[in-house]
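In: Sequence below, structure please.
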Amino acid sequence: MNPSRTERARVIVRGAVQGVGFRPFVYRHATELGLRGWVLNSAQGVFIDVEGAGNTVREFVQRLETEKPRRALIRSIECSYVEAAGYERFEIRESDEAGGKSVLIQPDLATCADCAREICDPADRRYRYPFTNCTNCGPRFSIIESLPYDRANTSMKKFAMCPECSREYHDPLDRRFHAQPIACPRCGPQLELWDGGGTVLSRCNDALLDGARLIREGGILALKGIGGFQLLVDARSESAVHRLRERKHREEKPFALMFPSLALLGEACGISPSEESLLLSSESPIVLLYRLTDFSAVFSNSVAPNNPFLGAMLPYSPLHHLLMAEIGFPVVATSGNLSDEPICTDEHEALERLRGIADFYLVHDRPIVRHMDDSIARILLGREQVLRRARGYAPFPIRVEAALPTILAVGAHIKASVALSVGTEIFISQHIGDLETAAAHAAFRKTAADLPRLYDAVPEAIACDMHPDYLSTQFAARHPAPSFPVQHHFAHVLACMAENDLDPPVLGVAWDGTGYGTDGTVWGGEFLLANGSGFERVGHLRQFRLPGGDAAVKEPRRSALGLLFEIFGDELWERADLLAAFSKQETRLLRQMLAKQLNAPLTSSAGRVFDAVAALIGLRQNSSFEGQAAMELEFAAEPWIADAWPFEIRGPVIDWEPTIRALLRDCAAGATVGALSSRFHNTLAEMIAAVARQSGQETIVLTGGCFQNHFLTVRAVERLSAGGFDVHWHQRVPPNDGGIAPGQIIGAAQAMRAAKSESFVAATGKP
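Out: Numbers count the residues shown, from 1 in each chain. Here you go, the predicted model:
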């Protein structure tokens, strides 16, 4: 082959290749190499038609992978060679919206170093402009209305570019070439400061300065950010933080803090190199960090009561950078909502929903297309683990090997999110929240319609939870597509398998608070063998009754009572030492519930066992938020204590009665809370290792809300690894119910294949 002979290649690059400067990257390389042709965005990715000397064309294609822009994620490069067309130059063409949509949408990206430098440079035309961005940063998923990702398909279409922005936008060699949210003080969004009635108090930079002053004076400021409103107060002021808690009806659940700089954050928390990288990443999540011992000397005790961790983040938008630089101290930065509601996205809506909470509103006129909470992550065993998946992560997908039917998964009821399969990609929505209120349910319905609309996808099936009372399950039942219920804990296991690219058989340890079991009882302490066509329940924690049902979630003492009744039966009512958490009237009522088995469902829930132990050792009898008792039990553990209590395995049942009896003996002997907590966690890790050995499976996954527990996860991984097991856990898909939807898709796809196979056998008589 003559290397100088003219050749022409048609190239399709699929992946996250829009909104990251991929076309100017292609343009620069093509012109540097003297090639001719064109590049354009399509709904499937980036299409390139290029011709020139054969060896040069091949070098160009190779560079696409090896020298791609930093934020680009290439899934595939398809290249075919055709007859030369005689192009005269290389150009960037207008986008092509035809065909099915499969391009990956970029998440919202934190401010890059170049833009951060510009807003601080008095000589720059974007000096102190809070909506500065380029192809390397800025809003993406929160502003896109449809594909392909062009300005006309975003909420920025209402802002006509000034001549200078237009020049940058159309210059392939400029960093802002086709940066769809491009703006400047002359032509872009602007700030306003409103009072509680919506009266404009100040505008532009004056509004920002006034907002900073109001926070310094102890006020509660509602800030319209990238994906919705945040509520900001001085984190050092006990009165300000306490007032925010009262108004927001958030008694003890920890608040996240935003720090002006990494240096100030380092004075409050210990930061490892991995945690520093996560804080400074393009995702820029809230990161869970260990507080330093003198934290309370500076900050309000109401920020994170009884919690050794702090959720901390750094400024991630130009607005945050400018505001935090002006304030100069850390602030509480919590979601702009009432408890159990989605965050506000519209300034007029915020005036109504945040009335009585916020004192003032710092708003702007760039519309938010979809709400986007701050993500929460941590470093676990040297790896990033996402606990709430939203800004910076959504809607990036996980990829599977074989193409899936188009399935919409509607998740669970708590920490709701949805997912959509398109080919080999499973796109995961942003965090929605708990479906407890009308506002949350409306946000769920909007998000469930949003993903299919973005990708022009018509779901062939709806995957949902088995629980008949979940609003998400009821939504699936009303959908015109057939619904496929997937058992809750099996979905957890499948999600972890998909994220870690694991093939069956796999032993899944699925531990959480509540999940509807195939036998109608409440599951939650499960060992499920995933076999490729379904699962086998090879083990579970011993069941006990929950007096009052769901009331036990908020009252750990009820879980403790049910656990003790399972051990002692009617003898319990003679043990005043074990009933101290209840009044005589309460004891009579709960005794009737347990005796008559009325509103006292059976459960194998590991989460409720955590609650019971927290109550038994005197840590917490009542909880003000989900998981509080289990969290405080984890925080009390002393990692240097390595011994464990006994337990028994009888068939599929892992019996905790010897464990609880040993706990009661140690309590009576005066053991410290820290020692009791450590032995309990160690015992759970031993249970997991024992069942793994008994199962004969080499590959183990740890999933479910209980594996948000850092101490438990580390102990379990250590014990399993020491036993030679190949152990996996969640990283970018949350272990809690926020990560269940991808597993529902995999489970529904298995059920659909099985149904087709049965239909084929019935029609042909052939297996």
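In: I figured Phe259 hits Pro330, correct?
Out: Yes - counting by CB atoms under 8 Å, Pro330 is a contact partner of Phe259 at 4.7 Å. To be clear about C-beta, it is placed using only N, CA and C from the backbone, and glycine gets the same treatment.
In: Find the residues that touch each one of these two.
Out: Residues touching both Phe259 and Pro330 (CB atoms under 8 Å, 6 or more residues apart in numbering): 265, 268.
In: Heading C-terminal from the one helix or strand Asp210 maps to, find the next helix or strand.
Out: Using DSSP states H and E, Asp210 sits in helix 204-216. Using DSSP H and E, the helix or strand that follows helix 204-216 towards the C-terminus is strand 221-224.
In: so how far is that following strand off the chain centroid?
Out: Distance of strand 221-224 from the chain centroid (CA atoms, centre = their mean, to the nearest Å) equals 22 Å.
In: what's downstream of it, the next helix or strand?
Out: From strand 221-224 onward toward the C-terminus, using DSSP H and E, the following helix or strand is strand 229-234.
In: and Val11, what does it touch?
Out: 47-50, 61, 64, 77-79.
In: how long is stretch 615-630 end to end?
Out: 10 Å (CA to CA, to the nearest Å).
In: Need the contact partners of it.
Out: By CB under 8 Å, 6+ apart, stretch 615-630 touches 250-253, 414, 513, 553-557, 559-560, 563, 581, 607, 610-611, 614, 632-633, 636, 660, 663-664, 667, 673, 676-677, 705-706, 708-709.
In: Now the buried members of these.
Out: 250, 253, 414, 513, 553-557, 559-560, 563, 581, 607, 610-611, 614, 632-633, 636, 660, 663-664, 673, 676-677, 705-706, 708-709 (16 or more other CB atoms under 10 Å).
In: Show me the shaky parts of the protein.
Out: 1-4, 97-103, 758-767 (pLDDT under 70).
In: switch the cut-off to 80
Out: 1-4, 18-19, 42-44, 70-71, 82, 95-104, 148, 339-340, 757-767 (pLDDT under 80).
In: Please list all residues in contact with the residue most central in space within it.
Out: Ranked by distance to the mean C-alpha position of the chain (CA atoms, centre = their mean), the top residue is Arg389 at 1.5 Å. For Arg389, the contacting residues are 375, 417, 428, 430-431, 732-734, 738-739, by CB under 8 Å, 6+ apart.
In: quick check, nearest of those to Gly228?
Out: Ranked by distance to Gly228 (CB to CB), those are led by Gln430 at 10.1 Å.
In: So that closest one versus Pro130, what's the distance?
Out: Counting by CB to CB, to the nearest Å, the gap from Gln430 to Pro130 is 23 Å.
In: Neighbour count: the two, which is higher?
Out: Gln430 (28 against 25; other CB atoms under 10 Å).
In: Now stretch 221-238: buried residues?
Out: Of the residues in stretch 221-238, those buried (16+ other CB under 10 Å) are 221-235, 237.
In: Skipping its backbone neighbours, what lies nearest Cys120 in space?
Out: Tyr127 (7.5 Å; CB to CB, 6 or more residues apart in numbering).
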